[in-house]
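Student: Compute the structure for the input listed below.
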Amino acid sequence: MAVAFVVVALAAGVWLLIDTRPSEWDHANHLERVVHCAKDLATGDVGSILARSGFYPPLVPCAGALLYRVLPSDVVTAQAAILAFLGLGMAAVYLLGRLVAGGAAATVAAVLFGTAPFVLFSSVRFQLDLPLAAMVATALAVLPRTDGFRDRRWSVAVGLLLGLGMLTKPPFAVYVLPALAVVAARIRTRRALVNLVLSLVLGGALSLPWYGPRLFGMPQQISARSFKQAAESGYPSALSAESLLMYPRAFVTAFGVVAVVLFLVGLVIAFRRRQGLVLLSVLAPFAVFELIQNKNLRYVLPLLPIAAVTAGMAFATLRGRARTLAVVAVAVAAAFQLGATFAAVPRPPVLPLLQVPLALESPPKRQNWRQREILGLIVRDSGGRGGRVSVVPNDNFFSVSNFRYYGVRDDLPLTFTRAWDGAPLGIDYVILKTGDLGPDAGEERLRRVTERFATDAALARVFPVIGEFDLPDGSVATVRARRLPAAVHVAPSTALARAVEGAIRRELATVARDVEDLAVTLTWDATILRGRLRRVEVVAGAATVGEIGRPGTPTIPLRDVRLVMEEVLINPFSLSPQERLDLLALDRIRIEQATVTAADLREFLGRLRRLRHTTIELGDGFVAFHARQPGPDVSGRIRFVPVPGRAVGLVADEVRVAGVRVPQMLVGWIMRNYDPTLRMASRLPAPVEIGRVVVDRTALRIVVAR
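Tutor: Next up is the predicted model:
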């Protein structure tokens, strides 16, 4: 087993030395968290470590961060952590296999797991699924040693593993709970029951600081990722034949053909021997993930350790020549899978019946996708001030994810966003790419933004090209920077101001209807010839506002509206001849005044999908709410308070979950899942301020702050 691990680790090390491609999508996001965690550990900022991610726990990124503090290299530190988890997983498979089938079978099981094609593929990518498989294998190996939870020391170890496993990735529970239930079902004494409770309390206490604030929001996130996002990405229905056959067909690709044959035989043996822990640990999680629409081999990677143990049970029944042939087959399969995955030598054939390859070939490639050169150009062009960069493509090696990671890793003064809708408000630099732009699900929008620079002369004129870079796939990356000439003589300044006012009135139709007593006031000087306005004030006696152009989007009636924008930059070329207002930048937006009645507010919230089961009542200085939802209902009162850096803050009290009063110190854990202001500030293209919020029983009003 040790030899197999060393061979895999050395092969992975060679692969990593050769491959120079940037990390893809989620891989880059996790690496970004490694850098953030390293900085947080250096400053002792545990709060930021716990708050950094909304869905992925911090154990694996922070494991890489501990090494990153010593040697700040993404390749060395991140993959060293992944390979350490691989070693842990192989050792755990061996220990569990020795308990179930003996030493020789345990060795075969560990080798089958460590050289499985998808394990090899994952060992050179910084993802959480291989560490999760290792933690699942370790928990399954330790559980039987509790002797039905009669042994206190091993019970404590199980509790610690439960906490660490949950801090690896939430699906840990799906893989471990069946085995935990099997062992717990054998409890016959009070001491064993106490030890079980102790294990659960330890696991909960260890994972609670991270999961506690997310407890109410995570079920919705899991549901959205499992079904809604899968449907949006074009995945087939969860119960369709195509979906249900995906994992069974791909199992050979993930595990290897020899391993699958041994596993199927071992499954029959486990049934005959009534090995409940093995059977439930394989079949129960598999059934759960079969019924989820969002399918990916990564999600069932943690099944491979217990599948390897099951295959080891089959090997243990072999004798004489059959055992020798099995050992040779395992060794040949391991060598084949190692070469096919890491070097595509030999090229893995496709099984004719299942139409799946015998391995996922992933040879290293020496490619430079030019991210660091592009970012260096932007930083130099900005004079070191940085700016906001829109990365339009979503190619796996050329997306906002890996650009953002390199920006964080190199500590650059840049922020990154995806392609925009409408006008490029707040965008300082744009990165474009010819050729393939990314997955089909979102390519149309990306293509539309890209092609606009070729067809919209006004936009191209204020975003001239400052650099072009040839990319390895034969495409060309283009970097554009926002530029306005010293003076734009598209019209005299007075005429230009009138054109701006007219364009504002026309653009309002996209966000408001039934507008009464509209007044638009501009404050400007000679810099209007460069597209600059000191102040734009929009006043209306009444208006119904919302995304008017999107069918089904709810709108809300407002009265006595006053909106102010300060230090506004527009594209003067789009005013003539298109007569279109393109906002390029502004210092801040301030909503100084607005009124919405209690009845209109209730109707508006009732039409929002996430809040359609929430009822509200306005009181003197607060809004009382009652949220009906799957699971326990939540009710309470919220007040509006000013918060630096956010448009407004919400403070909650009298919060109850299932009718039980929540201690005030835990209210934040509940309300962070309902408070939209926490996310709005990072997503808005410009700072937004609002006046003082006044609430009474009849209306909610924004008034000029005193």
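Student: Got phi/psi on R150?
Tutor: Backbone torsions for R150, taken as degrees, to the nearest 10, come to phi -80, psi -20.
Student: what's the closest residue to it other than its chain neighbours in contact with, if anything?
Tutor: Excluding the flanking residues, the one nearest R150 by CB to CB, 6 or more residues apart in numbering is A192, at 5.0 Å. In short, each C-beta sits where N, CA and C put it, glycine included. Applying CB atoms under 8 Å, 6 or more residues apart in numbering, we find A192 in contact with 148-150.
Student: Apply the buried test to those and list what passes.
Tutor: 148-149 (16 or more other CB atoms under 10 Å).
Student: Now do the domain split for this structure, please.
Tutor: For the chain, automatic domain parsing gives the domain ranges 2-213+236-357, 371-481, 493-703.
Student: Pick the most buried one from these.
Tutor: domain 2-213+236-357 (a mean of 20; mean count of other CB atoms under 10 Å).
Student: what about that domain, how long is it end to end?
Tutor: Domain 2-213+236-357 has an end-to-end distance of 28 Å (CA to CA, to the nearest Å).
Student: okay, Q578: pLDDT?
Tutor: For Q578, the pLDDT comes out at 69.
Student: Kindly report the same for S362.
Tutor: Predicted confidence (pLDDT) for S362: 93.
Student: now do V75
Tutor: 73.
Student: and the next element down the chain from the host helix or strand of the residue nearest to R150?
Tutor: For A192, the host element (DSSP states H and E) is helix 190-211. For helix 190-211, the following helix or strand on the C-terminal side (DSSP H and E) is helix 218-223.
Student: Could you check how far that next one is from the centre of its chain?
Tutor: 12 Å (CA atoms, centre = their mean, to the nearest Å).
Student: pLDDT averaged over it - what is it?
Tutor: Helix 218-223 comes out at a mean pLDDT of 79.
Student: After it, which helix or strand is next? Please name it.
Tutor: Helix 218-223 is succeeded, C-terminally, by helix 229-232 (DSSP H and E).
Student: Residues contacting the helix or strand just after that following helix, please?
Tutor: Heading C-terminal from helix 229-232, the first helix or strand you meet, by DSSP H and E, is helix 241-244. For helix 241-244, contacts defined as CB under 8 Å, 6+ apart pick out 235-237, 290, 293, 295.
Student: Of the domains of the chain, which is nearest Q220?
Tutor: domain 493-703 (7.8 Å; CB to CB).
Student: Confirm for me that S53 is in contact with V34.
Tutor: No. Here S53 does not reach V34: they are 11.8 Å apart, not a contact under CB atoms under 8 Å.
Student: re the thing from before, take the helix holding A192, keep the C-alpha atoms, and write them as PDB.
Tutor: The C-alpha trace of helix 190-211 is given here as PDB (Å, rounded to 0.1, in the frame of the first residue of the first chain):
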ATOM      1  CA  ARG A 190     -26.500   2.900  29.100                       C
ATOM      2  CA  ARG A 191     -22.700   3.500  28.900                       C
ATOM      3  CA  ALA A 192     -22.800   2.900  25.200                       C
ATOM      4  CA  LEU A 193     -25.700   5.300  24.800                       C
ATOM      5  CA  VAL A 194     -23.800   7.900  26.800                       C
ATOM      6  CA  ASN A 195     -20.800   7.400  24.500                       C
ATOM      7  CA  LEU A 196     -22.900   7.800  21.400                       C
ATOM      8  CA  VAL A 197     -24.300  11.100  22.700                       C
ATOM      9  CA  LEU A 198     -20.800  12.200  23.600                       C
ATOM     10  CA  SER A 199     -19.700  11.500  20.000                       C
ATOM     11  CA  LEU A 200     -22.600  13.500  18.600                       C
ATOM     12  CA  VAL A 201     -22.100  16.400  21.000                       C
ATOM     13  CA  LEU A 202     -18.300  16.500  20.200                       C
ATOM     14  CA  GLY A 203     -19.000  16.400  16.400                       C
ATOM     15  CA  GLY A 204     -21.700  19.100  16.700                       C
ATOM     16  CA  ALA A 205     -19.600  21.400  19.000                       C
ATOM     17  CA  LEU A 206     -16.700  21.200  16.500                       C
ATOM     18  CA  SER A 207     -18.700  22.000  13.500                       C
ATOM     19  CA  LEU A 208     -21.300  24.300  15.100                       C
ATOM     20  CA  PRO A 209     -19.200  27.600  14.800                       C
ATOM     21  CA  TRP A 210     -19.300  27.200  11.000                       C
ATOM     22  CA  TYR A 211     -22.600  25.500  10.500                       C
END
